[in-house]
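1. could you work out the structure for the sequence below:
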Amino acid sequence: MTTLEAPKAPMPAVLGPGVDRVDGPLKVTGAAPYPSDIGFPRLAHAVLVRTTIAAGRISVIDTSAAETAPGVLAVITHLNAPKLARAGRTVLGSEPPPPLQDDRVLHYGQYAAVVVAETLEEATDAARLVHLSYDPGDPLLDLEDPRVVPKSNAFLLDMKRGSVADGLTQAEVRLKATYSTAENTNNPLGPFATVAAWDGDRLTVHDATQWPYNVRNALAAAFRIPKEHVRVLAPYVGGGFGAGLRTWPHVVLAALAARTVERPVKLVLTRPQMFTGVGHRPYSVQHIKLGATLDGRLTAIDHEATTTGAMEDSNLEPVTLGTAAAYACPNVATHDKQVRLNIPCPGSMRAPGEAQGNFALECALDELAYELDMDPLELRVRNYAAFQPQTGLAWSSKALRECYEAGAERFGWAARDPRPGSMRDGRSLVGYGMAGVSFQHYQAKCAARATIARDGTAYVRSAATDIGTGTYTVMAQLSAELLGLGMDKVRFQLGDSDMPQAPQAGGSGLTGALGSAVHDACGRLVAAFLDLVRKDPASPLYGCRIEDVVIAGGRILRASDPDRGESYADILARYGLPELTRDGSSGTSKGDIGQLVGSLAVSRLGRLGSFAVKATRATLPAGAFGAKFVEVRVDEDLGVLRIARVVSAIDGGRILNEKTARSQIIGGTVGGIGQALFEETVTDALTGRIANATFGDYLVPVNADVPAMDVLFVGGPDPATPVGTKGIGEIGLTGIAAAVANAVHHATGRRIRSLPITLDKLL
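-> Now for the predicted structure:
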């Protein structure tokens with residue numbers, strides 16, 4: 001469908017400046033309905049029973065005491081559960097295996113039973129009465145276990161150009177290093193919840209998901225019912241950071257429990273269950289080889305990563321994709337491998353893959369800069385990729401050079417003494433570190449519907465979600481500007497799978513996809529109004545084409561004579577219409593090869609099926625770019641590390657709302673600080689039990705750990721989309737860990753190659 005250009009609105013722009021969140025009042029007053037708040041008449045409650053071994057079989061499952069406990073309605077195990085189908089593949093790989101299908105145990109904390117009772121307390125008490133006996137196996141829990149066989153080229157996305165061997169031979173300086181990143185767990189503040197209710201063969205689900213359409217499809221597949229018979233509602237989600245991108249087993253179990261007891265059922269995960277039930281950032285080990293000339297020109301990059309995966313899962317998280325597109329180097333090879341362990345299924349976590357891969361690459365470049373006796377910023381500038389390196393095509397836009405310049409000036413990079421350990425403030429060693437950042441362009445198909453009613457108000461909707469990123473707000477702003485209305489005249493709704501189809505809120509792709517669909521829908525709606533009157537001699541808009549009009553104050557006006565026009569309300573009234581509605585859509589982005597899939601070679605597009613996109617002869621859509629600058633302070637006696645300040649310079653395309661965009665970068669920066677200094681999901685090497693599955697033991701940054709932050713946006717609208725945006729959800733986190741590690745080396749002379757950077761590594 002061709003995108004229509006809406007006429008311009010000669011009114012104060014509602015886009016750009018900081019606009020308060022339209023959903024803010026509901027959230028701060030506690031009136032926003034999150035999934036855990038949803039109730040139904042006769043609502044029952046479900047509680048999960050988890051295994052306490054990592055591998056083997058359940059030999060006995062005794063539910064007799066639980067079944068006779070007060071208030072219990074059902075106890076469902078693999079012995080009485082129906083056969084459930086597994087949903088098909090998505091852009092993130094296959095969904096996790098359906099639960100309760102056999103007696104096998106694949107990881108510690110796997111669901112072995114679900115207890116349904118009248119109250120949450122009764123279900124919780126009864127779940128403790130379910131007793132499991134096992135025939136334990138010998139679990140695979142360590143990536144270095146000799147029994148582990150890595151799966152090479154797990155995602156068919158390995159990159160290659162030139163000859164790395166030749167590039168290393170030609171190099172005058174070579175670097176070889178190994179880096180590792182810990183498992184992290186997403187941990188949104190609100191535990192995930194699902195409420196399921198059946199009406200015959202129709203299912204309604206309220207779920208903490210970032211992708212209502214995916215949950216709809218997965219549940220329809222599991223229970224073998226038409227997709228149209230499943231409705232998924234997620235108007236408010238209490239955070240996700242990627243955890244809500246897959247349909248997890250507890251969602252299926254909530255629906256199964258509701259069907260079994262023939263009543264609505266609510267299932268809310270506990271915090272420990274969040275650690276085993278909704279994914280995590282997988283552990284990675286990365287080997288990098290760099291070659292360069294003495295003047296700092298890269299001759300070779302070889303980047304190999306091995307990550308951990310679950311036994312029967314295919315989570316898509318290639319770590320090295322961004323490396324092939326990051327710098328202008330003639331000889332590049334990237335390789336991703338995955339090993340299958342007896343661990344819970346991983347999932348996406350903010351900046352999946354790129355957060356790990358950028359840490360290794362940007363730390364290696366910092367090490368190379370010291371080998372060359374060169375400023376780390378200058379090294380990056382000398383290898384700036386003016387064109388997409390894998391294809392030679394021009395970027396649709398790229399302001400990374402401006403990010404380097406503006407960020408360095410704001411940070412005061414020029415004052416840095418390059419010698420490690422040379423800068424001090426009392427007992428503290430002071431370090432400056434930086435990292436270059438890019439994040440792939442991603443835009444999936446999306447649809448939106450726009451309506452204007454006879455009272456002149458607009459209602460725009462799509463089945464997207466807002467996980468706190470500001471989607472409600474920026475889409476209301478965009479709709480208001482495109483329709484020439486005030487913000488008070490526009491209502492934007494989302495989070496309902498009965499609305500027009502939308503992709504996931506993830507991959508930094510929703511604003512581009514949804515914004516383009518809203519742009520198309522609003523353009524078509526204005527055109528529909530004009531079609532009603534353009535042949536009416538009595539209308540002041542008689543004979544006008546779309547390019548002949550502007551819109552303002554709920555009126556369509558002649559551009560040549562703004563005093564002549566008609567309001568939406570008058571047009572509807574004259575033609576006896578209660579409202580007018582038009583649908584719009586956006587397809588997969590045109591021109592992007594590499595940024596969607598890490599600079600794939602043209603010949604490999606076929607392997608991605610419907611997720612691939614075609615390149616034009618001119619440009620490739622560019623994702624966001626950025627430069628991160630960090631100052632750290634390290635107590636020279638105690639090794640205590642504090643981050644003093646962070647400057648993030650971001651090329652995010654057109655910024656629809658500076659307030660929410662800045663908030664996104666700040667939030668991502670805090671997540672990056674967590675990855676760098678605190679977050680590590682610790683698994684017991686003998687049992688597979690996660691040893692720190694509470695907020696008391698799993699450390700995240702708190703107020704005292706968050707430094708002064710400065711965010712500046714550079715660049716301008718990206719022509720790859722009609723709205724001109726780039727995704728910024730992940731760019732805030734990416735690069736922070738590398739910049740911190742590089743700053744630590746500058747402060748102390750210690751090169752830390754594993755995350756998190758803990759006190760013991762600095763003593």
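
2. switch to C-alpha atoms for all contacts and neighbour counts from now on
-> Fine.

3. what's Gln273 in contact with, if anything?
-> Gly109 (C-alpha atoms under 8 Å, 6 or more residues apart in numbering).

4. let me fix that: Ala627
-> Under the criterion of C-alpha under 8 Å, 6+ apart, the neighbours of Ala627 are Leu400, Cys403, Tyr404, Gly407, Met434, Ala435, Gly436, Val437, Ser648, Ala649, Ile650, Gly735.

5. if I look at Lys176, how far off is Gly353?
-> Taking C-alpha to C-alpha, to the nearest Å as the measure, Lys176 falls 21 Å from Gly353.

6. in the sheet, who's paired with Phe387?
-> Counting by DSSP bridges, Phe387 is bridged to Ala394.

7. if I pick it, what's in contact with it?
-> The contact partners of Phe387, taken as C-alpha under 8 Å, 6+ apart, are Leu393, Ala394, Trp395.

8. again, but for Gly507
-> The contact partners of Gly507, taken as C-alpha under 8 Å, 6+ apart, are Ala351, Tyr442, Gly727, Gly729, Glu730.

9. is it correct that the second one is in contact with Gly587?
-> No - under the contact definition of C-alpha atoms under 8 Å, Tyr442 does not touch Gly587, with a separation of 11.1 Å.

10. looking at these two, which is more packed in?
-> More neighbours surround Tyr442 than the other of Tyr442 and Gly587, with 26 against 16 (other C-alpha atoms under 10 Å).

11. could you list the buried residues of stretch 631-646?
-> Along stretch 631-646, these residues count as buried under the neighbour rule (16 or more other C-alpha atoms under 10 Å): 631-636, 639, 641-646.

12. go on, stretch 743-759?
-> Of the residues in stretch 743-759, those with enough neighbours to count as buried (16+ other C-alpha under 10 Å) are 743-748, 750-758.

13. in helices only, show me these.
-> Ala743, Val744, His745, His746, Ala747, Thr748 (DSSP state H).

14. turn these into JSON lines, columns for distance to Gly623 and pLDDT.
-> Conversion of those to JSON lines gives the following (distance: C-alpha to C-alpha, whole Å; pLDDT from 0 to 100):
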{"residue": "Ala743", "distance to Gly623": "26", "pLDDT": "98"}
{"residue": "Val744", "distance to Gly623": "29", "pLDDT": "98"}
{"residue": "His745", "distance to Gly623": "30", "pLDDT": "98"}
{"residue": "His746", "distance to Gly623": "30", "pLDDT": "98"}
{"residue": "Ala747", "distance to Gly623": "32", "pLDDT": "98"}
{"residue": "Thr748", "distance to Gly623": "34", "pLDDT": "98"}
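
15. got the domain boundaries for this structure?
-> Residue ranges of the domains in the chain are recorded as 24-32+444-586, 353-442+593-761, according to automatic domain parsing.

16. measure the longest one end to end?
-> One end of domain 353-442+593-761 sits 24 Å from the other (C-alpha to C-alpha).

17. and it, how far out from the chain middle?
-> The chain centroid and the centroid of domain 353-442+593-761 are separated by 15 Å, computed with C-alpha atoms, centre = their mean, to the nearest Å.

18. and if you look at the first one?
-> Taking C-alpha atoms, centre = their mean, one finds domain 24-32+444-586 lying 27 Å from the centre of the chain it belongs to.

19. which residues does the residue nearest to Ser36 when sequence neighbours are not counted contact?
-> Counting by C-alpha to C-alpha, 6 or more residues apart in numbering, Ser36 lies nearest to Ala193, which is 5.4 Å off, once chain neighbours are set aside. In this structure, Ala193 makes contact with Pro35, Ser36, Asp207, Ala208, Lys266, Leu267, Val268, Leu269, judged by C-alpha under 8 Å, 6+ apart.

20. swap in Pro33?
-> Pro235, Tyr236.

21. check what pLDDT it gets.
-> On the pLDDT scale, Pro33 is placed at 95.

22. now it: how far from Asp23?
-> For Pro33 relative to Asp23 (C-alpha to C-alpha), the value is 11 Å.

23. one more: Val682?
-> In terms of C-alpha to C-alpha, Val682 sits 37 Å off from Asp23.

24. ditto for Val47
-> Following C-alpha to C-alpha, the distance that separates Val47 from Asp23 is 31 Å.

25. settle it for me: which of those two has more neighbours?
-> Counting neighbours by other C-alpha under 10 Å for Val47 and for Asp23 shows that Val47 has the greater number, 28 against 17.

26. hang on, the more buried one packs against Ala112?
-> No - using C-alpha under 8 Å, Val47 makes no contact with Ala112, being 11.1 Å away.

27. which residues does the closest residue to Val319 other than its chain neighbours contact?
-> If the residues on either side of it in the chain are set aside, Val319 comes closest to Gly353, at 4.0 Å by C-alpha to C-alpha, 6+ apart. When the contact criterion is C-alpha under 8 Å, 6+ apart, the partners of Gly353 are Glu317, Pro318, Val319, Thr320, Leu321.

28. including pLDDT and distance to Phe241, could those residues go into TSV?
-> What follows is the contacts of Gly353, written out as TSV (pLDDT from 0 to 100; distance: C-alpha to C-alpha, whole Å):
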residue	pLDDT	distance to Phe241
Glu317	86	15
Pro318	91	18
Val319	96	17
Thr320	96	21
Leu321	93	20
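
29. tell me which two of the ones in helices among the buried residues of stretch 743-759 sit farthest apart.
-> With distances taken as C-alpha to C-alpha, the most widely separated pair in those is Ala743 and Thr748, at 8.6 Å.

30. burial of Gly200, as a residue count?
-> The local packing count at Gly200 equals 9, with neighbours defined by other C-alpha under 10 Å.

31. next one, pLDDT for it please.
-> Turning to Gly200, the model gives it a pLDDT of 97.

32. check Leu157 too.
-> Looking at Leu157, its pLDDT stands at 84.
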